[in-house]
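Undergrad: Starting from these lines, generate the structure:
(2 chains)
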Amino acid sequence: METTKKNVVKELPAVARQLPSSNPALRAVGPEEGGGGQVRRAASAGGGRCVRSSAGRCRHGTHPDAQGGSRRPRQHPHGPSRSSPREPRTAALRASTAFQLMLRAAFRPLCPDTCPKRREVGALLCAMGLSGFSLRPSVNAGTGRELQVENVRLLDRLSSRRAVVGTLYLTATHVIFVENGSETRKETWVLHSQIASIEKQATTATGCPLLIRCKNFQVIHLVIPQERDCHDVYISLIRLARPVKYEELYCFSFNPKLDKEEREQGWKLVDLNEEYNRMGVPNNYWQISDVNRDYGVCDSYPTEVYVPKSATAHIIVGSSKFRSRRRFPALSYYCKGNNASICRSSQPLSGFSARCLEDEQMLQAIRKANPGSDFIYVVDTRPKLNAMANRAAGKGYENEDNYSNIKFQFIGIENIHVMRNSLQKMLEVCELKSPSMSDFLWGLENSGWLKHIKAIMDAGIFIAKVLIEKDWVSFGHKFNHRYGNLDGDPKEISPVIDQFIECVWQLMEQFPCAFEFNERFLIHIQHHIYSCQFGNFLCNSQKERRELKIKERTYSLWAHLWKNRADYLNPLYRSDHSQTQGTLHPQIAPCNFLYKFWSGMYNRFEKGLHPRQSVTDYLMAVKEETQQLEEELEVLQERLANLQKSQSGNNKVKSKQQDQNKKFGLYTSNNSLANTPQEYSNDLKSFPSRSPSQGDEDSALILTQDNLKSSDPDLSANSDQESGVEDLSCRSPSGGGCLPSEDSGKDSDEAVFLAG
Amino acid sequence: MEFSELIKTATVEDVLLSRPGLPAVRGTLCITSHHLLLSSCPRGDLELWLLIRNVDAVEKRVQNLGWYQPPRTGGSLRDTRVSGSSGTITLRCKDLKVLQLEIPGMEECLNVASSIEALSSVDSVMMMYPFFYRPPSLRLQQGWHLCPPERHFQQVASQALLRSSQPLTGPNRRRCREDEKLLGTILAEGERGFVIDTRSAQAARQARMSGGGTEPKSSYPQWRRLHRALERGRPLQESFAKLVEACGEPAPSMERWLGRLDGSRWLSHVKAALSTACLAAQCLDREGCSVLVHGAEGTDTTLLVTALAQLILDPACRTLEGFQGLLEREWIEAGHPFQLRCARSASSHARGKQEAPTFLLFLDCVWQLSRQFPFSLEFGEQLLLTLFDNAYASAYGTFLCNNERERSLCKVKESTHSLWAWLNQPEEKQKYLNPLYSHNPLVIWPSVEPQSIQLWQGFFLRWIRPSQHLDEAWVEIRRLVEGNSSSIKEGNSSSIKEGNSSSTKESTGKRLSQSLPEPPAGTENDAEAWTAGTR
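TA: Next up is the predicted model:
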């Protein structure tokens, strides 16, 4: 029950479509290839008026009142029709009665599990988003396709001085803020699916503040001049951010222009069976069981499950009946070296005294699958108190008296609710306006986040120490070479996945050479877990994924990451380095010092906070440079050898010519580089190691869009190491934009100075 | 005074030395006038030298187990001792290292402890080790005038950064025409300047009662006064001690650790110092105004602010040579009383009034800068650590005494070696260079948000945190960068054979500088400087 609900919240799908333009701003406001709509750039004298586009409405026949029940072929108003793999929706959904139904429903809190209208409402929302009319709550109100509000101010947490004025657009997929005035017209793009919460604050003299918090930890603070507009945006966003059906997610319409084969290839990058083969199973002790075919035993497990050979179907089924959600013990990791293994399962339904013979046999089978060991550890990740409390609900933990040869260990990782609160608290600390050092440290301590991270790390270290010799590195390998298997387990929708990613980062901080990937890789994965742009993290189980035909209808993130793998490599990683051999031994003793606040993640959008120069990027560039030089050297040596050979032939003139040729060649390559410093450095900003010519147009498109949107996870820090006035105020010594800067002129007064 | 009077026991055998994170060593302990020496037994392949001046606190604990442990036979030395008794001496060093010596024999233990205590608190400057230290590789007087002394950064801005002590306004609000005139001459007609007082407004007012004070607006109309309270003196020393204590706690819970980190307030002081330096830099660079910085005496927080501001503004101060010059000019010549301030470190129980880790605070701020701008400082963390160590206990005379006058009275420059001379020896210098350095002509504005200020683990956890993996990372970085520059060299040499070295060099140079995320200014020169720096 709970999982389902959470899912819906988590996926926050955008009513999706891809904007195929190279200028996203223009696209976003309306033009399409099909020739409908116009670019709307409302007169800037709008004075805070809310301008709604009505141009597209009739042409596309999307307005319910106007169109009534007429059936039209589905035409995407913005995107090309090819990007809409959806079945045509019945016009009934667009009919006015349904529209009203939706409106009524919308004012009720949408609880997907209790609301019987859930599906209809979801479908409606989807239909509305797709047909592109504005989600105005008032029936009388205009029905422009996009909401567009002028003279919106985007505030900067660090400095009131750095607020910018611009126009806010709401499209079916994105919230877009375009700065006024400046030549660059900087754009901020946020996918609806990234929105975690929207908060409308009390109206002030300057307007109505709207706070949008994103799951990738971006916080957008807008001030909208008119309360009414603010309310419209608020209401619209609430709905756009909460679609109910998987089909509405961005990934179902996201099209990176890969052909079918490439897409399938992407999904094959990570092959679970191959993963297990790498670990060395199946073997004499472990085998694939088909007991879960058709998801008959456990619907949240995959069809193919590795179990001990001695565990018969009878035992497995029996054991599954004794465990929550029928998640029986199954192999997670097998260590080739010493036959040790990690299995996972849900809690047993032991209550105060119940036992299950099959379940006990199952654990015995697992123990016997490692002939070298006399007992198994059962590690319960909950605090003991929680586990005991669960007994009252008929659940609980394994009784050591009933299971022979087990050692029981509680680890005390708090449940997801505690974790969520903790993350929430920490993010609040990150959002503080000009906090003192004390405020920050106190808040960090109070949130307990690092404590939880440490608890999880301790658990990992414990298991690694006890059971296997080869854990984390191999884990890293899994990530690197195969781009891992993070297919979301249902309960992982909570900060658990964030915590896992952070734990990996903490390990990377302690072992800078041990991981083949870099921080950016983690940040991008985190971003895409919530972006819903790729199908990987959808659904709760393999079963659901199959039903939805995820692999046929969406693209795989791993393919996307793999394509750009050069950007995600750790330049310090060498497969022959000592840190990549065997197990990592993270510091346990005084390790509290070593857990750091990860501002690269949690304050990722506040560039000013991060080191202004990126060592990783620099080293990647150096590495590439070295490689080029070595290649050059090789060529030269070859030439030299040839020359020496040909010298016996006394062909001096020729060699001179060759020389000149070569010189020329060098100069040209030189020039071509020298002519494009701008591009190169632009490129360097976020993707340092890709040269502009590499990579095809399509990926470039995705990436550029990603880059333009500041919702992109990749905000490399080195873009402005020189910090001009604007940066200054963010670092304002007095802690909050109360410093003089050029725009404040000489009139900035002592009073201003002293305010800090 | 003779050192021999202070040394009660010169040699003890069978001493067990243990240090956290390192294997214990058993050997013979010797006490000389300036060093504690332990050479491992039986092979003597390991020698450990500790400058006794480096000892901050000596803790001793003795057990007399004589009555239930029968005297052993065989060891001839052992028989002569009070058999079975032993003692443990814990030496807490100024560089935060902790050594534990297990000494057989209670008497020896007590003797060793009191000898170390006496030797470590010798006050007379002329008795200190720098006056005795004569390394073969250096000549006396070398390095004392190494740094171009007068390089004020009028080069960077046309405005001046000045420092002074507080004006002696006193309770009667005295004025001084000459002082007003002096400050007046700095500013042109109608120009404005800023006075940054490193005390709070209230503290500055209170200072009037004791004859000090600050510039009243009425007498200095062109100067605008800003107050930024920076911690100094005793509270700063306590903050340092608290943080070191927190770092030394064996296994605190996460809350407790963060609580103690916060409670020490050290990071707040770092933030405040950086912020104030940024303020000064901003007034100079962005407002185009002259800035006068002072606190009370102008020997502590004042120097902290002016030195940091220059580091932020002036790329010349960010080279190894320039940084030495900056230290020489802004700290040593400007009269930071090193002798008084660095007499004791964090673990000393003797609570003097004069000790304060202002210089450490400066080094920490520099480290914060280097973390935020990893390519912009030519030197690395190792230099900062070495500077700290030498400020507190040194074989060199550079940080001796409290000011120039005392140094000339003691003939420091004539009879001791300069630290700079040692550091600048080619093979020594290598250790302090930042392999990632590339000249950055711009102002480096650091972030002073709490998220950006980090604990300087390399210093505070130097002896606690195993740094092996991080060191390996640096080795790898060096390998990468040097691999690059060596392949440039190779590329050059091979192309020289072919007779067109210039083109190759140019091409690699250019490409290299383009690959740096720095604005290329004077491409070719840059690249050359860069390769030279990494060789």
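Undergrad: so does stretch B:161-168 get close to chain A?
TA: No - figure legend: stretch B:161-168 not in contact with chain A (CB under 8 Å from any CB of the partner chain); closest approach 15.5 Å. Placement of C-beta: from N, CA and C, glycine included.
Undergrad: For that stretch, measure first residue to last.
TA: Counting by CA to CA, to the nearest Å, the length from the leading to the trailing residue of stretch B:161-168 is 21 Å.
Undergrad: ok, now stretch B:7-24?
TA: First-to-last residue span, stretch B:7-24, CA to CA: 25 Å.
Undergrad: Is chain A within reach of that stretch?
TA: No - Stretch B:7-24 stays clear of chain A (CB under 8 Å from any CB), getting no nearer than 9.0 Å.
Undergrad: can you pull out the strands in chain A?
TA: Assigned by DSSP state E, the strands in chain A fall at A:50-52, A:147-155, A:164-170, A:174-179, A:187-191, A:195-200, A:208-214, A:219-224, A:286-289, A:305-308, A:330-334, A:341-344, A:376-380, A:406-410.
Undergrad: which stretch among these comes nearest chain B?
TA: Closest to chain B of those is strand A:219-224 (CB to the nearest CB; 13.5 Å).
Undergrad: re the thing from before, pipe the strands of chain A into TSV and attach mean neighbour count and mean pLDDT per row.
TA: Below are those laid out as TSV (neighbours: other CB atoms under 10 Å in any protein chain shown; pLDDT from 0 to 100):
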stretch	mean neighbour count	mean pLDDT
strand A:50-52	21	36
strand A:147-155	23	87
strand A:164-170	21	88
strand A:174-179	24	88
strand A:187-191	23	85
strand A:195-200	17	87
strand A:208-214	20	90
strand A:219-224	21	90
strand A:286-289	20	87
strand A:305-308	23	86
strand A:330-334	21	81
strand A:341-344	18	80
strand A:376-380	18	79
strand A:406-410	16	79
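Undergrad: Mind putting the ones you listed into a markdown table with distance to chain B?
TA: What follows is the strands of chain A, written out as a markdown table (distance: least, CB to the nearest CB, whole Å):
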| stretch | distance to chain B |
| --- | --- |
| strand A:50-52 | 35 |
| strand A:147-155 | 16 |
| strand A:164-170 | 20 |
| strand A:174-179 | 22 |
| strand A:187-191 | 21 |
| strand A:195-200 | 20 |
| strand A:208-214 | 17 |
| strand A:219-224 | 14 |
| strand A:286-289 | 34 |
| strand A:305-308 | 34 |
| strand A:330-334 | 24 |
| strand A:341-344 | 25 |
| strand A:376-380 | 21 |
| strand A:406-410 | 17 |
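Undergrad: Contact partners for the residue of the stretch 51-200 of chain B found nearest chain A?
TA: Residue nearest to chain A within the stretch 51-200 of chain B: B:Arg192 (7.5 Å; CB to the nearest CB). Counting by CB atoms under 8 Å, 6 or more residues apart in numbering or on different chains, B:Arg192 makes contact with A:746, B:222-224, B:289.
Undergrad: Show me which helix runs longest in chain A.
TA: In chain A, with assignment by DSSP state H, the single longest helix is helix A:615-647.
Undergrad: Much appreciated, bye for now.
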